[in-house]
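J.: Here's my sequence, what's the structure:
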Amino acid sequence: MPKLTIDGIEVEVPAGVTILQACETLGIEIPRFCYHERLQIAGNCRMCLVEVEKSPKPVASCAMPVADGMVVHTGSPMVEKARKGVMEFLLINHPLDCPICDQGGECDLQDQAIGYGFDRGRFSENKRAVKDKNFGPLIKTYMTRCIHCTRCIRFITEVAGVPELGATGRGENMEVGTYVEKALSSELSGNIIDLCPVGALTSKPFAFTARPWELRKTESIDVLDALGSNIRVDARGAAVMRVLPRINDDVNEEWLSDKSRFAYDGLQRQRLDTPYVRRDGRLQPASWQDAFAAIAARLNGVDGKRIAAIAGDLADCESMVALKDLTAALGSPNIDCRQDGAKLDASVRASYLFNTTVAGIEEADALLLIGTDPRREAAVLNARIRKRWLNGRFPIASVGPKVDLTYRYEWLGDEPRLLTDIAEAKHPFAEVLKGAQKPMLILGMGALARPDGAAVLAAARRLAETCGMVKDGWNGFNVLHLAAARVGGLDLGLVPGKGGRDVAGILAGAEKGDIEVVYLLGADEIDMDRLGKAFVIYQGHHGDAGAHRADVVLPGAAYTEKNATYVNTEGRAQETRLAVFPPGEAREDWKVLRALSEALGHRLPYDSLREVRERMLAVSRVFAHRDAVAAAEWGAFGTDGALDNAPFVSPIENFYMTDPISRASKTMAECTALFVAGNQRKTGTHG
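T.: Numbering: from 1, shown residues only. The predicted structure follows:
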């Protein structure tokens with residue numbers, strides 16, 4: 001390991017480390033614009049210049065590897081003069097837009113101009129102007145502000161894997177754009193807003209709505225997919241103004257999908273803010289007492305076996321454990337959290353987890369995708385797979401829909417029989433998996449939410465066992481969920497009890513009249529027409545499909561409006577935080593169920609959030625540790641049986657609208673019109 005001296009301090013660092021990284025180990029701040037630790041080095045802004053003894057001129061510290069015996073000065077007169085000169089060049093063509101720029105207050109150029117720049121400008125010629133580009137409904141451009149750091153180009157090319165941005169021209173004629181004008185089609189495009197060190201790329205939905213210092217900042221968790229990305233919710237008054245990613249290297253690094261970032265405007269639209277009761281065929285506003293009285297009157301004398309409950313994809317663990325306890329008190333075994341009908345086995349935890357963990361993808365050396373399109377099901381997780389693929393020696397194959405995943409993979413076909421062929425070593429890819437040290441598979445809902453899902457689950461387990469995916473210190477069997485509530489629901493046991501009905505059985509029973517009452521806890525993805533004449537109670541935060549069908553509507557709180565627990569696809573329990581209060585009469589979901597239980601004469605035994613969480617802990621030890629993943633014990637799961645010949649298909653047709661919040665979002669509607677409907681018109685296909 002080379003030793004060098006930085007500002008009189010001797011330090012030993014690993015070989016290949018740059019001077020800038022060595023300085024950071026000592027806590028020495030080096031200004032930079034183009035350098036980013038998750039992107040390849042460009043070395044084109046020159047802001048990070050330092051003095052290296054025996055070097056005739058300042059050195060770009062981001063691109064210079066350390067050498068043994070090197071002596072570096074980061075605050076010498078030469079360095080100070082060089083940085084002022086670089087800043088002066090950067091500001092030559094930069095417009096004086098700070099008072100009207102959305103980046104104001106969190107702009108790297110502002111901060112570094114104050115810290116390292118000159119105290120006056122000497123440039124008197126006209127500034128050059130650059131035409132703004134149209135990158136779609138999410139990103140607002142003001143390209144005259146661009147300082148050519150190329151962070152956006154490198155992110156879109158390297159991390160997102162959709163190389164649509166590039167630079168044309170040289171010198172001050174250089175422009176960043178898409179060559180042929182088009183919207184950026186990556187599901188991760190919003191991250192270039194965070195990466196841009198100036199105001200050239202800003203959020204179009206957030207434009208001119210608020211200043212950073214006006215906003216309350218709340219650390220929380222995203223629930224619009226099952227990854228559980230760490231986010232920061234910025235709010236003003238009662239409104240969420242924007243959602244930004246937080247750094248968590250184990251989950252989302254520092255990236256966030258466009259749906260999670262921009263669907264927040266859906267939190268303001270189509271909200272349920274008061275209870276409703278259906279009278280004379282129409283839903284009419286009512287008080288909480290009237291709504292509870294209507295439910296109690298209908299449930300009076302109904303046998304528990306004729307009552308059913310379904311938990312939706314955005315339900316939190318606190319409300320699900322309360323729903324489970326209430327249905328048990330009513331004598332009903334008919335409860336399910338798998339509203340898409342996925343044949344998941346709640347008895348073996350390893351059967352429904354992403355056992356490798358998200359960060360563990362980087363250790364794998366072979367991957368088989370089964371019935372999944374990770375680019376649309378979990379865009380940030382797909383970027384992690386691409387990151388591993390870029391490091392090389394990572395063969396990937398897919399049994400499922402043939403889609404663009406932003407990395408090369410071998411498409412084996414979409415027939416379920418291929419799983420048996422690989423497990424029995426009748427397929428060439430079986431040798432690839434067996435020859436790998438840490439092979440893994442990812443099983444998606446496109447394979448499990450089918451009539452033969454239990455047989456597919458069993459076939460995937462056999463494949464994992466025969467191909468050496470499950471061994472000491474490594475479990476390569478992974479399930480990629482779509483719903484933020486799914487793993488938590490399975491951990492809490494929201495599956496049919498003895499003699500109980502699952503979602504398919506509940507719908508069939510409601511059609512026949514065997515199920516009289518159905519409680520929907522935010523469940524909007526089922527076929528409402530199949531509920532027949534059942535009395536439907538809907539508890540949720542948006543006027544989506546469930547609310548339209550309901551006989552009684554109970555307004556709940558969205559994920560930004562409550563302190564709640566969610567378990568992500570890898571089994572990591574995380575908490576959302578209350579950023580704004582629920583609108584109108586809406587309340588936190590577990591409180592609604594607690595109040596309803598008293599009206600029904602089956603009072604639930606908890607009155608505070610702490611007591612509810614103690615009840616969750618009594619049901620499952622998973623909730624003993626927050627933000628941690630515990631290895632799950634392997635066992636037999638799935639049901640051996642014949643596999644259907646029907647091909648695996650992707651469960652997501654429209655990435656931008658998968659839940660009540662994103663369906664209510666005007667921004668997501670614009671993305672759907674541009675990227676989904678537009679692509680269907682081009683290809684002649686229809687979802």
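J.: Tell me where the stretch 301-450 of the chain has helices.
T.: Here the stretch 301-450 of the chain has its helices, by DSSP state H, counting those that start in this stretch, at 317-329, 374-377, 379-390, 417-423, 428-435, 445-448.
J.: oh sorry, the question was meant for the stretch 101-250 of the chain
T.: For the stretch 101-250 of the chain, applying DSSP H, counting those that start in this stretch gives helices covering 108-116, 151-154, 191-195.
J.: Let me have these in JSON lines, adding mean pLDDT as columns.
T.: Output for the helices of the stretch 101-250 of the chain, formatted as JSON lines (pLDDT from 0 to 100):
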{"stretch": "helix 108-116", "mean pLDDT": "94"}
{"stretch": "helix 151-154", "mean pLDDT": "96"}
{"stretch": "helix 191-195", "mean pLDDT": "97"}
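J.: which one of the helices of the stretch 301-450 of the chain is the most hemmed in?
T.: helix 445-448 (a mean of 28; mean count of other C-beta atoms under 10 Å). Where you see a C-beta, it was placed from the backbone N, CA and C, and this is true even at glycine.
J.: Only C-alpha atoms, please: export the following helix or strand past that helix in PDB.
T.: Counting by DSSP states H and E, the next helix or strand C-terminal to helix 445-448 is helix 453-466. The C-alpha trace of helix 453-466 is given here as PDB (Å, rounded to 0.1, in the frame of the first residue of the first chain):
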ATOM      1  CA  GLY A 453     -48.000 -20.900  -9.200                       C
ATOM      2  CA  ALA A 454     -47.500 -23.400  -6.400                       C
ATOM      3  CA  ALA A 455     -46.100 -25.900  -8.900                       C
ATOM      4  CA  VAL A 456     -43.800 -23.200 -10.300                       C
ATOM      5  CA  LEU A 457     -42.600 -22.400  -6.800                       C
ATOM      6  CA  ALA A 458     -41.800 -26.000  -6.200                       C
ATOM      7  CA  ALA A 459     -40.000 -26.300  -9.500                       C
ATOM      8  CA  ALA A 460     -37.900 -23.200  -8.700                       C
ATOM      9  CA  ARG A 461     -37.000 -24.600  -5.300                       C
ATOM     10  CA  ARG A 462     -35.800 -27.900  -6.900                       C
ATOM     11  CA  LEU A 463     -33.800 -25.900  -9.500                       C
ATOM     12  CA  ALA A 464     -32.200 -23.900  -6.700                       C
ATOM     13  CA  GLU A 465     -31.300 -27.000  -4.800                       C
ATOM     14  CA  THR A 466     -30.000 -29.000  -7.700                       C
END
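J.: and helix 453-466, which residues are buried?
T.: Neighbour-count burial for helix 453-466 flags 453-464, 466 (criterion: 16 or more other C-beta atoms under 10 Å).
J.: Nearest to Lys562 among those?
T.: Gly453 (31.8 Å; C-beta to C-beta).
J.: surely the closest one meets Gly341?
T.: Yes: between Gly453 and Gly341 there is a contact under C-beta atoms under 8 Å: 7.5 Å.
J.: show me where pLDDT drops low in this protein?
T.: 678-687 (pLDDT under 70).
J.: Swap in 50 and give it another go.
T.: 686-687 (pLDDT under 50).
J.: Who's the closest spatial neighbour of Gly641, skipping the chain neighbours?
T.: Leaving aside its chain neighbours, Gly641 sits nearest to Ala455 (3.9 Å; criterion: C-beta to C-beta, 6 or more residues apart in numbering).
J.: repeat for Phe135
T.: Nearest non-adjacent residue to Phe135, counting by C-beta to C-beta, 6+ apart: Leu184, 5.0 Å away.
J.: From Gly540, how far out is the one you found?
T.: For Leu184, the distance to Gly540 equals 33 Å [C-beta to C-beta, to the nearest Å].
J.: More neighbours: which of these two?
T.: Gly540 (29 against 24; other C-beta atoms under 10 Å).
J.: what's the burial count for the residue nearest to that one when sequence neighbours are not counted?
T.: Leaving out its chain neighbours, the residue that sits closest to Gly540 by C-beta to C-beta, 6+ apart is Gly522, at 4.2 Å. Look at Gly522: counted by other C-beta under 10 Å, it has 29 neighbours.
J.: Now do Gly522 against Thr667, distance only.
T.: From Gly522 to Thr667 the distance is 22 Å (C-beta to C-beta).
J.: ok, now which ones touch the nearest residue to Asp225 once chain neighbours are set aside?
T.: Excluding the flanking residues, the one nearest Asp225 by C-beta to C-beta, 6+ apart is Ala378, at 5.3 Å. Contact analysis of Ala378 by C-beta atoms under 8 Å, 6 or more residues apart in numbering lists Asp225, Ala226, Leu227, Ser257, Leu480, Thr569.
J.: In strands, which of those residues fall?
T.: With DSSP state E as the criterion, strands contain Leu480 from among the contacts of Ala378.
J.: one step back: got phi/psi on the residue nearest to Gly540?
T.: Torsion angles at Gly522 (phi, psi; degrees, to the nearest 10) stand at phi 70, psi 20.
J.: thinking it is in contact with Ala311, fair?
T.: Yes: if you go by C-beta under 8 Å, Gly522 and Ala311 touch, sitting 7.2 Å apart.
J.: shared neighbours, the two?
T.: With C-beta under 8 Å, 6+ apart, Gly522 and Ala311 have common neighbours Ala485.
J.: on that earlier part again, include mean neighbour count and distance to Leu390 when you put the helices of the stretch 101-250 of the chain into TSV, please.
T.: TSV is the format used below for the helices of the stretch 101-250 of the chain (neighbours: other C-beta atoms under 10 Å; distance: least, C-beta to C-beta, whole Å):
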stretch	mean neighbour count	distance to Leu390
helix 108-116	16	26
helix 151-154	22	12
helix 191-195	22	17
